[in-house]
Each structure stands twice: as C-alpha cells, then as structure tokens.
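Undergrad: compute the structure for the input listed below.
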Amino acid sequence: MNTETNLLEPAIAALQRIREQIDIGEFLSALLAALLAAFAAQLLYRVFYERRGTGSQIHRAFPLLALSVTTLFVGVQVSLPLSLGLLGSLSIIRFRTPIKEPEEVGFLMLVIASSICAATLEFAFIGWLFAFALAALLAARGADLCRWFRRDGILVLSLPSAVAEGKSTEIEAALAARLRRHSLESAAERDGTTTWQYVFSGLDGSAADLRRELRAVAEFTSVNLFLDRPGGIR
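TA: Numbering: from 1, shown residues only. As a prediction, the model looks like this:
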C-alpha cells in the first residue's frame, strides 16, 4: 500500500500544481470557445468552398484540431516540459491526404489562430478574427462575381485553314446572333488546322444550339465550350 502511495505522489503533486496554475472553469471555457470557433470555420468552409470537387474535405477535422491545439497551448502555459513532450508527439503526424486547394491552408490557420486565442482566454480576438475572415471571404466572392459578369467562358473553334479563310465573316455573324458579347482572344494555325479562341458572355439559348448553328455555317473539326464557373451561363 505504501509503495502504491509513493508511486501516486508525483502524479498527485503534478495535478495539484496544474490546478493551482489554471482554473478548471477557464480551461473548459477555452475548449468550448475553440469548439464553437471550429464549427464557425467549418460553416464558412462549407458555404464558400465545399462545392469544389478537388478539395480534401479537411473541414471534418476542424473540431478535433481546435480541441487539440487549445489543449496543447494550455499545456504550454502550465508546464514547459509537458509542452515539449506534446510537441514531440505531434511531430510524428503526417497528412495522408494532400491539401489540394490553397484555401484549405487558410482555413487551417484560421482554426489554429482561434484555438490559440481561446487557450490564452482572449475570446474577443476570436470574434474580431472571424469578422475580418468573413469580410475577406465576401470580398473575394464579390471579386469572383465581377469576373463572372465580365465573361461566362471560353469558346474554342477548330476548322480547316482553307475553310476558315472564306467563312470568318459568317462565323462572326453566327456568334453575334447567339452571344451578347464575344471577342477573339487568340488565333493559331498548325498542320492545316486553324484554331480560334473566343471569350464570351450571355449565350442566347443552349450550347447545343450554338454548336448546331456553327456547324451549319462551316465544317468544324471541333467546337469546344468551357465555362468559367460551375452551374452554367448568365
């Protein structure tokens, strides 16, 4: 019995020392604030970037990441040896799924920054952080909208060079009839094939109608239409 008591004494002393340095209520408040911030970051990710098909869906890890980082930085404040041990244990972690979108790095840093603020009990900083983060995301979305208003996509036409020389006027007329605005961005000729690349906006009708009318004007090798954004044409 005395042997077991002697073994437990260092652990009990360490626990008492930790309780003297940090209030358990403050620690729980920090965890709760970090968790709420992680859910807020998760919501922002889902609203602004989840529809992108190339993402790694890293937002699913935000709650656990926030709790882990908060506990780590609370441990740093309580005990330097303990914090070094925690950092050493985290160094063995490797991301098996690569981060495919640069925005995901920003969201990771948002979660980490809010967790550090929670660990230091600077809850007001979390509010300011997310207010500015939301403003930045809305500004970026607004910039994207402005780009969408300028153009809807790219149209790439390929046809034999001999045909292109005599049909350019008719092709321009067909494009003008179907597109609100278009402009030639580049033209290239190789191995007897001419390729024209247009930027356009405001398609009247469907892409199939545009292809059909163009093919009625000239014998195209290919008619390719690429949209700037998922979801269609304005």
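Undergrad: specify the beta-bridge partners of the residue nearest to S186 when sequence neighbours are not counted.
TA: With sequence-adjacent residues excluded and distances taken as CB to CB, 6 or more residues apart in numbering, S186 is closest to Q197, at 4.5 Å. C-betas here are computed from N, CA, C, even on glycine. Beta-bridge partners of Q197, counted by DSSP bridges, are V156, S186.
Undergrad: which ones are touching Q197?
TA: Applying CB atoms under 8 Å, 6 or more residues apart in numbering to Q197 gives the contacts 154-157, 184-187.
Undergrad: and it, how close does it get to S222?
TA: 12 Å (CB to CB, to the nearest Å).
Undergrad: with A41 instead?
TA: For A41, the distance to S222 (CB to CB) stands at 44 Å.
Undergrad: who has more neighbours out of these two?
TA: Using other CB atoms under 10 Å as the criterion, A41 and S222 rank with A41 on top: 28 against 11.
Undergrad: so the more buried one, which state does it fall into?
TA: With DSSP: H, G, I helix; E, B strand; the rest coil as the basis, A41 sits in helix.
Undergrad: next up, the contacts around it.
TA: For A41, counting by CB under 8 Å, 6+ apart, the contacting residues are 59, 62, 107, 110-111, 114, 130.
Undergrad: just the strands in this structure please.
TA: In the chain, the strands defined using DSSP state E lie at 153-160, 179-190, 193-203, 222-227.
Undergrad: wait, which of these is closest to A140?
TA: strand 222-227 (19.5 Å; CB to CB).
Undergrad: give me the neighbour count for H182.
TA: When neighbours are defined as other CB under 10 Å, H182 has 19 of them.
Undergrad: list the beta-bridge partners for it.
TA: As for beta bridges, H182 partners with F200 under DSSP bridges.
Undergrad: the chain should start at 671 in everything you say after this.
TA: OK, 671 is where the count begins now, so the last one is H852.
Undergrad: distance check, it against H729.
TA: The gap separating H852 from H729 is 39 Å, by CB to CB.
Undergrad: and S738, by the same measure?
TA: Distance from S738 to H729, by CB to CB: 15 Å.
Undergrad: contacting residues around the residue positioned nearest the centre of the chain?
TA: Centre of the chain computed as the mean C-alpha position; nearest residue by CA atoms, centre = their mean is E773, 3.6 Å away. Residues counted as contacts of E773 (CB under 8 Å, 6+ apart) are 718-719.
Undergrad: same question, A847
TA: Residues in contact with A847 (CB under 8 Å, 6+ apart) are 874, 883.
Undergrad: repeat that with 10 Å
TA: Contacts were defined as CB atoms under 10 Å, 6 or more residues apart in numbering; by that measure A847 touches 874-875, 880, 883.
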